[in-house]
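Peer 1: sequence? don't have it. structure:
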C-alpha cells in the first residue's frame, strides 16, 4: 500500500525532507567557507576553541563528532596555519589544550559572517516564516538531537 493516503511516499516524509534540506545547507556552507580555506570540521574546531579556551583534544573530538585520531590532523593543520595553539595540560601530561589565536579568531569571524549571509539567502524563500521555521527546527533538535 505504498503511496496511498495512509502511507505517503518517502519523499514526503519529514525525515527525508529534512535530510534533503540539511544536505543542501551543508553543501552551500562548505562551499562558502572553502573560499576562506576552511572545512566544516576546521570551523567547528575554531568555534569550540573560541567557546572553550583550553579545551583538550579528546573533548574537541567529541564536540566535532570525530574519532580522536581524526581530530589530530584537523588541529594540526590549524596549528600549522597559526589559527590554533596547543599547550600541555597542567595536570595530564598526555593531554593537549587547544587555544584559538588572534588570526584564528579573525578568520572565525569571517566564517561566521559567511554563515550568516548564507543562512539569510538559504531561508529567503520562506520570507517572514523563516524565524518561525528556525525556532521549530530548534525545538525538534532539542527533543531529538544532542543540543
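Peer 2: The structure has been received and is ready for your questions. Keep in mind it's a predicted model, so treat the numbers as computed, not measured.

Peer 1: so how far is residue 66 from the residue nearest in space to the middle of the chain?
Peer 2: The C-alpha lying nearest the average C-alpha coordinate of the chain belongs to residue 44 (C-alpha atoms, centre = their mean; 5.1 Å). Separation of residue 44 from residue 66 (C-beta to C-beta, to the nearest Å): 9 Å. Every residue, glycine included, has its C-beta placed from N, CA and C.

Peer 1: Could I get the phi/psi values of residue 54?
Peer 2: With angles defined as degrees, to the nearest 10, residue 54 sits at phi 90, psi 10.

Peer 1: before we move on, back to that, is it true that the residue nearest to the centre of the chain touches residue 64?
Peer 2: Yes: the pair residue 44 and residue 64 qualifies as a contact (C-beta atoms under 8 Å) at a distance of 4.8 Å.

Peer 1: ok so, going back, immediately after the helix or strand hosting the residue nearest to the centre of the chain, which helix or strand?
Peer 2: Assessed by DSSP states H and E, residue 44 sits inside helix 40-51. Once the chain leaves helix 40-51, the next helix or strand it forms, by DSSP H and E, is strand 55-56.

Peer 1: So which elements touch that next one?
Peer 2: strand 96-100 (3 or more C-beta pairs under 8 Å, 6 or more residues apart in numbering; DSSP states H and E).

Peer 1: Name every strand pairing with the strand it packs on and say which way it goes.
Peer 2: Using DSSP bridges, strand 96-100 pairs in its sheet with strand 55-56 (antiparallel), strand 84-88 (antiparallel).

Peer 1: Tell me which residues are up against it.
Peer 2: 45-46, 48-50, 53-57, 60, 75, 83-89, 108 (C-beta atoms under 8 Å, 6 or more residues apart in numbering).

Peer 1: Good, wrapping up.
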